[in-house]
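> The following comprises the amino acid sequence and a computationally predicted model.
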Amino acid sequence: MIKLSRGLSVALLSAALCTAPAFAARPSDAQIDQLMQSMNYERMKGEMLKQMRESAEMMAVAEAGDRLDDKQREALTRSLARQMSMVEQMLDWKAVAPIYRKVYGETFDAAEVQAIIDFYGSPAGRSIMEKMPQAMGRTMQEMQPLMRSMFERMQRELRDEVKDIVDGDGKTAPVPPAPPAPPSVPQPAAGG
């Protein structure tokens, strides 16, 4: 066995450590919780629930049209409220925290999470977080004509394909449902 001098051993060990890949620390659950708090998860959840509720109401009214009397409208309102309550429970932080901790913990290292926390704690970061729901809502609103056009085209093509299938072999095939038209997304209130 080759005996190395103490100085050479230290130099070789130092060189090995310097060339070894750096392993970044995984963020702690507390760090990820702090990140979600700095990103204002509860506010984001509230905005998302509000948009979902409004979209669901518009879709239900569009589907039912003028066929509902007052009693039926009340029943529909109660049904939508129950469904939204289930969604709200599903999105409760206690329910989703393990998912966020897993995903963010596997995606970002501790230094990256801290950098995001620091950014969202800065004046610019807070301003961006305040404006993000409005930007997202406006983006979805601007995309509505594009989405509507795409869904209408899909419906036409699906109808034509079903017709070709039915006419091609002389047998009647069950008609698959057309994809639903995208809901209109209301523009969120500014700053709230």
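That came in fine, so what should we check first?
> Can you report how many residues neighbour Arg78?
Other residues within reach of Arg78, judged by other C-beta atoms under 10 Å, total 10. Every residue, glycine included, has its C-beta placed from N, CA and C.
> now swap in the one 5 residues further on and tell me
Gln83 has 14 neighbouring residues, counting by other C-beta under 10 Å.
> ok, it to Ser55 distance?
Taking C-beta to C-beta, to the nearest Å as the criterion, Gln83 is separated from Ser55 by 12 Å.
> Asp29 too?
Distance, Asp29 to Ser55, using C-beta to C-beta: 33 Å.
> now Ile99
Where Ser55 is concerned, Ile99 sits at a distance of 23 Å (C-beta to C-beta).
> Look up phi and psi at Leu91.
Phi and psi for Leu91, reported as degrees, to the nearest 10, are phi -90, psi 0.
> can you pull the contacts of it?
When contacts are counted by C-beta atoms under 8 Å, 6 or more residues apart in numbering, Leu91 touches Lys45, Met48, Leu49.
> how much space between it and Ala135?
For Leu91, the distance to Ala135 - C-beta to C-beta - is 21 Å.
> Can you report how many residues lie near Asp29?
Around Asp29 sit 15 other residues, with neighbours defined as other C-beta under 10 Å.
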